[in-house]
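Colleague: attaching a predicted model along with its sequence, questions to come.
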Amino acid sequence: MNIAGKLIGALIGLLLFRHPFGLVLGGFFGHLWDIGALRPQPARGASNSFILPLFALAGAIAKSDGRVSEQEIAATENLMARMQLTAEQRASAIERFAAGKQPGFAVHLTIADLKAWAGGRRDLAFLLLDMLLDIVYAEGPLAPNKFVLVRKLCWSLGVHERELAALAAMRGYAYAAHGSGAGAGSYGGQRYGSSRPGDYHEQSREAPRRTGDKDPYAVLGLASDANEREIKRAYRKLMSQHHPDKLGDVPEELKRRAEERAGEINAAYERLREQRGIK
């Protein structure tokens, strides 16, 4: 646990006020510093301020099952290449990835940094999750420890597990989370659990499939018995969340990914319109 801020704050408070109250007050502000509440936060949607915490979290996710595999390293390097990082950015990203692998790494502070970058915007939240999916699924079946970290990020960003499953479906990953508690139900022909802690039991992954083979219900986050109104509502909601024109100043790779997701959503909706005869 990080206590440096508390100790320094308490010492400064005691020196300034020369009273036990100063010790307590300084320790309180030091605690706020330790948890990141008083640290400068990246500007909302700032173009590249997500890069270092993203790769730090990627390192923590890759190491969470005990070892970092060649597949995870390859997926991370592929992400760096697609993002067209400069030599300096790449070196810093590698450094943060290595830091994320260390025991006792402060994952909660990294997640807080990503949350601050997203600034409550769900389109940016989905971008962060999208970039991590290839690393998360690099080895195939999703290990429980990895899922714990992904769920923490989703919780912080305000993304429901059903939305994560839909995002995985857009990328061609078969997502199956089986929950035993209330709130579990069918999800695009599979079962999904609620987002409450303890509902996770199993995750699976299939090889990425061609766009036409992806389950359109899973892509739209719907059960296979969804009615016409639910299909249209899900389509409109997803398009508003993933529309690339709303992203503003973000790297081109992020815009490209948003365009791909918008294309997946449109393709899924058109397939359901054809299958169900929706006007």
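Modeller: Yes, it's here. Model, not experiment: these values are computed from the prediction.

Colleague: go ahead and name everything in contact with the helix or strand where residue 55 lies.
Modeller: Following DSSP states H and E, the helix or strand that holds residue 55 is helix 51-63. The contact list for helix 51-63 (Cβ atoms under 8 Å, 6 or more residues apart in numbering) reads 68-69, 72-73, 76, 79-80, 83, 85, 89, 92-94, 96-101, 105, 107, 110-111, 113-114, 117, 128, 131-132, 135-136, 138, 146, 149-150, 153. (Glycine included, C-beta is placed from N, CA and C.)

Colleague: one more time with 6 Å
Modeller: By Cβ atoms under 6 Å, 6 or more residues apart in numbering, the residues outside helix 51-63 that reach it are 68, 72, 76, 92-93, 96-97, 99-101, 105, 107, 110, 113-114, 135, 146, 149.

Colleague: how near is residue 235 to residue 64?
Modeller: For residue 235, the distance to residue 64 (Cβ to Cβ, to the nearest Å) stands at 35 Å.

Colleague: ok so, going back, mind listing what's buried along the helix or strand that comes right after the helix holding residue 55?
Modeller: Along the chain past helix 51-63, the next helix or strand (assigned with DSSP H and E) turns out to be helix 70-82. If you call a residue buried by 16 or more other Cβ atoms under 10 Å, then helix 70-82 has these buried ones: 72, 75, 76, 79, 80, 82.

Colleague: buried stuff in the helix or strand just after helix 70-82?
Modeller: On the C-terminal side of helix 70-82, the nearest following helix or strand under DSSP H and E is helix 87-100. For helix 87-100, a neighbour-count test (16+ other Cβ under 10 Å) marks 89, 90, 93, 94, 96, 97, 99, 100 as buried.

Colleague: which stretches in this structure count as strands?
Modeller: Remark: strands of the chain, listed N- to C-terminal, are 185-187, 190-192; assignment by DSSP state E.

Colleague: for the last one, what is the average pLDDT?
Modeller: Taken as a whole, strand 190-192 has an average pLDDT of 33.

Colleague: ok, stretch 219-226 next?
Modeller: Confidence over stretch 219-226, taken as the mean pLDDT, stands at 82.

Colleague: in it, what's buried?
Modeller: 219, 220, 221, 222, 223, 226.

Colleague: okay, now the domains of the protein?
Modeller: Here the domain parsing of the chain from automatic domain parsing is 4-34, 44-158, 160-197+206-279.

Colleague: by mean pLDDT, show me the worst of those.
Modeller: Averaging pLDDT over each of these puts domain 160-197+206-279 lowest, since it has a mean of 67.
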